[in-house]
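> build me a model:
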Amino acid sequence: MKFLFLTYCFLMPAMVSAQTARYYNWSGFPLEIYETPSVKAKTLEKIPVGQAVKIIPGSNDPAYTIYLSYYGDTTSPKKEVADEINNAGSFYPLKTSWVKVAGKQATGYTLQGFLSRIPYKRLRKDNEADNYVEIPVAAALRTFFGKPVFYRKQELEKETKEEIHFVEQYRFAGGVTYNALQQYVEKDGPGGEEHRIFLPNASLHEAVLFLLEITNASAFRSEGKKTVNKIKSRYDFFSWWYQPNQYDEKGNNVKDKNRVDFEYYAEGGSSSASFVKKNGGIEIIYAYGGC
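Model prediction:
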């Protein structure tokens, strides 16, 4: 009997913790808790950005799809036009589901795709002037995960004295890693950067929301622009088109089910975002460059 009591005492905290896991509102807007799992249902409560809810496990809730396109663009994909940049691309169906949650005032349903286990922390002050201030990725990661436990900078081969070419490596507590590669012909000259962030135990939607937050995506979308999604959220600030065709380093067409690629092209430059499922988490690969 004593053994059973001790076992119960040790297991009970873990069981309670699993049942009351906190998830944070990363939607970018007040999170609506609905009476039933439907966007047409009555709203019972609105959870402010960054505040937590508790997911109630055990319910078999219906699936829901959030579409990722360029700033929520509803434009249909078009065929390639010779000598013209055609950015209309495919929508990516980000699969999520309704979940039953407990807020401060009510219990109801919301979309799991708006929630993250990463505690939300505001990177910028709530004023218009600060909205356009660029925060380095490393500084943003320090805000969320604290001081890195490891850091190394390595200069890489250069063709000229003016060239900038180096890689930085960071490791944070909890297994979060960050590698940054920069290569420019000269300061403020043509070139590009690649940023790789690994989030352990993260889902795809958590990684997408995280990238949109640290890149300040919400500052660059036109007001009143229509969106392909029914519920307004941070996903409407996604700034890439889905690339269903994948290629390896040799240009061969491949299909990696653990990787999702997005790109956007503009005159004089381009940017891309990829999400790779690996080692029980998601690696974010964010790159941009141009003339």
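
> CA atoms for contacts and neighbours, from now on please.
Fine.

> pull the residues that contact stretch 264-271.
Stretch 264-271 is contacted by residues 85, 87, 239-241, 263, 272, 286-291 when judged by C-alpha atoms under 8 Å, 6 or more residues apart in numbering.

> helices along the chain, start to end?
Along the chain, the segments classed as helices by DSSP state H run 2-19, 137-145, 204-214.

> quick one: contacts of the shortest one?
Where contact means C-alpha under 8 Å, 6+ apart, the residues beyond helix 137-145 that reach it are 119, 120, 121, 123, 148, 172, 173, 178, 214, 215.

> list the buried residues of that helix.
137, 138, 140, 141, 144, 145 (16 or more other C-alpha atoms under 10 Å).

> adding pLDDT and distance to residue 48, write these out as CSV.
Below are the buried residues of helix 137-145 laid out as CSV (pLDDT from 0 to 100; distance: C-alpha to C-alpha, whole Å):
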residue, pLDDT, distance to residue 48
137, 95, 25
138, 96, 26
140, 96, 21
141, 97, 22
144, 97, 19
145, 97, 22
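
> from these, which is closest to residue 112?
Using C-alpha to C-alpha, residue 144 comes nearest to residue 112 of the buried residues of helix 137-145, at 20.7 Å.

> would you map the strands across the stretch 51-200 of the chain?
52-55, 63-68, 92-102, 107-111, 115-116, 150-155, 164-171, 177-184, 191-200 (DSSP state E, counting those that start in this stretch).

> now those in TSV, with mean neighbour count?
Below are the strands of the stretch 51-200 of the chain laid out as TSV (neighbours: other C-alpha atoms under 10 Å):
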stretch	mean neighbour count
strand 52-55	22
strand 63-68	19
strand 92-102	19
strand 107-111	24
strand 115-116	23
strand 150-155	12
strand 164-171	18
strand 177-184	20
strand 191-200	20
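
> turn those into a markdown table, columns for mean pLDDT and distance to residue 257.
Output for these, formatted as a markdown table (pLDDT from 0 to 100; distance: least, C-alpha to C-alpha, whole Å):
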| stretch | mean pLDDT | distance to residue 257 |
| --- | --- | --- |
| strand 52-55 | 96 | 28 |
| strand 63-68 | 94 | 17 |
| strand 92-102 | 95 | 14 |
| strand 107-111 | 96 | 24 |
| strand 115-116 | 98 | 23 |
| strand 150-155 | 97 | 32 |
| strand 164-171 | 97 | 27 |
| strand 177-184 | 97 | 23 |
| strand 191-200 | 97 | 18 |
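
> can I see the domain layout of the protein?
2-116, 129-290 (automatic domain parsing).

> mean pLDDT lowest where, among those domains?
Mean pLDDT is lowest for domain 2-116 among these, at a mean of 79.

> return the distance of residue 198 relative to residue 210.
According to C-alpha to C-alpha, to the nearest Å, residue 198 and residue 210 sit 11 Å apart.

> cool, residue 141 as well?
10 Å.

> who touches both of these two?
By C-alpha under 8 Å, 6+ apart, no residue touches both residue 141 and residue 210.

> which outside residues touch stretch 111-126?
22-27, 31, 50-51, 64, 66, 96-99, 130-131, 140, 143-144, 205-206, 214, 233.

> roughly how far is that stretch from the heart of the chain?
10 Å (C-alpha atoms, centre = their mean, to the nearest Å).

> and the contacts of helix 137-145 as TSV, adding distance to residue 55?
As requested, the contacts of helix 137-145 are exported to TSV (distance: C-alpha to C-alpha, whole Å):
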residue	distance to residue 55
119	15
120	17
121	20
123	26
148	31
172	27
173	25
178	30
214	25
215	28
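
> of all pairs in those residues, which one is the farthest apart?
Farthest pair in the contacts of helix 137-145, by C-alpha to C-alpha: 173 and 215, 21.7 Å.
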